[in-house]
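Engineer: Provided below are the primary sequence and the corresponding predicted coordinates.
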Amino acid sequence: MKQPRYLVPDLYTADPAVHIFNGKIYIYPSHDIESGIPENDNGDHFDMRDYHVFSMDEIDGEVTDHGVVLDVKNIPWGGRQLWAPDVAFKNCKYYLYFPLKDKNDIFRIGVAVSGKPEGPFIPQSDPIKGSFTIDPAVLDNNDGNFFIYFGGLWGGQLQRYRNNKVIENPAEPADAEPALCARVAKLSDDMLEFAEEPRDVLILDENGKPLKAGDHDRRYFEGSWMHKYNDKYYFSYSTGNTHRLCYAIADNPYGPFTYQGVILTPVVGWTTHHSIVEFKGKWYLFHHDSVPSGGKTWLRSIKVVELEYNEDGTIKTIDGGGNLE
């Protein structure tokens, strides 16, 4: 699959989290709906009220829509904006992790549970204790441990926190200061809480120094994903306002991670949020752009393209088709 393939022509979907369950491909995206609100840096133009689940038997096969599996109106603590989710499987249950603003308009991370990968999912009565910001991504470490990565700037509210606590006068660090980091925490045995205080996902440059806040081409902004390849941990993420999808590598799930390069150059549309998965011996990048909507950044469509590695384990850069570089 050398050319990207759009997967869902009849809905605007974005931020695809993809997993292989029971030999099939399952896709857990967010759902873009026209809001009528002017575009702004807080993301108020993203009217996202529910989640659909999609599945495929083959990478080029028919896409099945399993319908709405979770709706904001059924989440007891919820306010608005169901943004990018992820799913993990443990002990015969599927756990859907989702960011949602509470009734005070503060992003928290919730959990909903199902006995089937296609849902429906039943939400817990409260968000994860101590959770904040957006874009949860869960790694099954294949040793009984699961790790959740999360965080997003601007509308994702990460800049409001230091050391997992709310700060006064929230703002991004100065350009010469270390960049804000995504967070990582081991999940509890029941998959419903953090088992520890979240830690920074530190990204280092080629000299072993933390990336600076002003390094917009490389620093973390949002859209965490974690996968393993040849026993290395690949943390990939969006740079946000520079529209790149980048990655860094470490020897353990906590890092620190060393920056490696660009996976995907800018797409048509503002955001880049993705997942990387192996299926039948090949690797694939699932992501989105705004081509089908005519470039409306809040009405996106998910797509898939093959991802390839170099012999040294680095990832070959994919052309996103945008015109920003």
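Structural biologist: That came in fine, so what should we check first? The model shown is predicted, which means the values in this text are computed figures rather than measured ones.

Engineer: spit out the contact partners of Pro4.
Structural biologist: Under the criterion of Cβ atoms under 8 Å, 6 or more residues apart in numbering, the neighbours of Pro4 are 303-305, 321. For glycine as for every other residue, the C-beta is placed from the backbone atoms N, C-alpha and C.

Engineer: in space, not sequence, find me the middle residue of this structure.
Structural biologist: With the centre of the chain defined as its mean C-alpha position, the nearest residue by Cα atoms, centre = their mean is Gly223, 3.9 Å away.

Engineer: which strand or helix spans that one?
Structural biologist: Following DSSP states H and E, the helix or strand that holds Gly223 is strand 222-229.

Engineer: mind listing what's buried in the helix or strand following that strand?
Structural biologist: Counting by DSSP H and E, the next helix or strand C-terminal to strand 222-229 is strand 232-238. Burial within strand 232-238, assessed by neighbour count using 16 or more other Cβ atoms under 10 Å, is assigned to 233-238.

Engineer: strand 232-238 - contacts with which helices or strands?
Structural biologist: Strand 232-238 sits against strand 222-229, strand 245-250, strand 257-264, with contacts defined as 3 or more Cβ pairs under 8 Å, 6 or more residues apart in numbering; DSSP states H and E.

Engineer: contacting residues for the residue nearest to the centre of the chain?
Structural biologist: Contact partners of Gly223, counting by Cβ under 8 Å, 6+ apart, are 15, 84, 135, 152, 237-238, 245, 271-274.

Engineer: from the residues you listed, which ones fall inside strands?
Structural biologist: When DSSP state E is applied, the contacts of Gly223 are split such that 15, 237-238, 245 fall in strands.

Engineer: mind checking how far Phe286 is from Asp57?
Structural biologist: With distances defined as Cβ to Cβ, to the nearest Å, the gap from Phe286 to Asp57 amounts to 16 Å.

Engineer: ok, those two, which is more surrounded?
Structural biologist: Taking other Cβ atoms under 10 Å, Phe286 and Asp57 do not tie; Phe286 has more neighbours (24 against 11).

Engineer: where does this protein have low pLDDT?
Structural biologist: Applying pLDDT under 70 to the chain flags residues 1-2, 41-42, 323-325.

Engineer: 50 instead?
Structural biologist: For the chain, the stretches flagged by pLDDT under 50 are 325.

Engineer: where does Glu62 fall, secondary structure wise?
Structural biologist: Using DSSP H and E, no element contains Glu62; it sits outside every helix and strand.

Engineer: ignoring the adjacent residues along the chain, who's closest to it?
Structural biologist: Once flanking residues are discounted, Glu62 sits nearest to Met56: 7.0 Å by Cβ to Cβ, 6 or more residues apart in numbering.

Engineer: who's in contact with the one you found?
Structural biologist: Taking Cβ under 8 Å, 6+ apart, one finds 7, 24-25, 27, 62-64 in contact with Met56.

Engineer: how about 7 Å then?
Structural biologist: Contact partners of Met56, counting by Cβ atoms under 7 Å, 6 or more residues apart in numbering, are 24-25, 62-63.

Engineer: looking at those residues, which is nearest Val291?
Structural biologist: Nearest to Val291 out of these is Val63 (Cβ to Cβ; 17.5 Å).

Engineer: C-alpha coordinates for stretch 152-160, PDB please?
Structural biologist: Provided in PDB are the C-alpha atoms of stretch 152-160 (Å, rounded to 0.1, in the frame of the first residue of the first chain):
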ATOM      1  CA  GLY A 152      -1.700  18.400  24.600                       C
ATOM      2  CA  LEU A 153      -1.000  22.200  24.500                       C
ATOM      3  CA  TRP A 154      -3.300  25.100  23.800                       C
ATOM      4  CA  GLY A 155      -6.800  23.800  23.700                       C
ATOM      5  CA  GLY A 156      -5.500  20.600  25.400                       C
ATOM      6  CA  GLN A 157      -4.600  22.700  28.500                       C
ATOM      7  CA  LEU A 158      -1.200  21.100  29.200                       C
ATOM      8  CA  GLN A 159       0.300  24.500  29.700                       C
ATOM      9  CA  ARG A 160      -1.900  25.000  32.800                       C
END
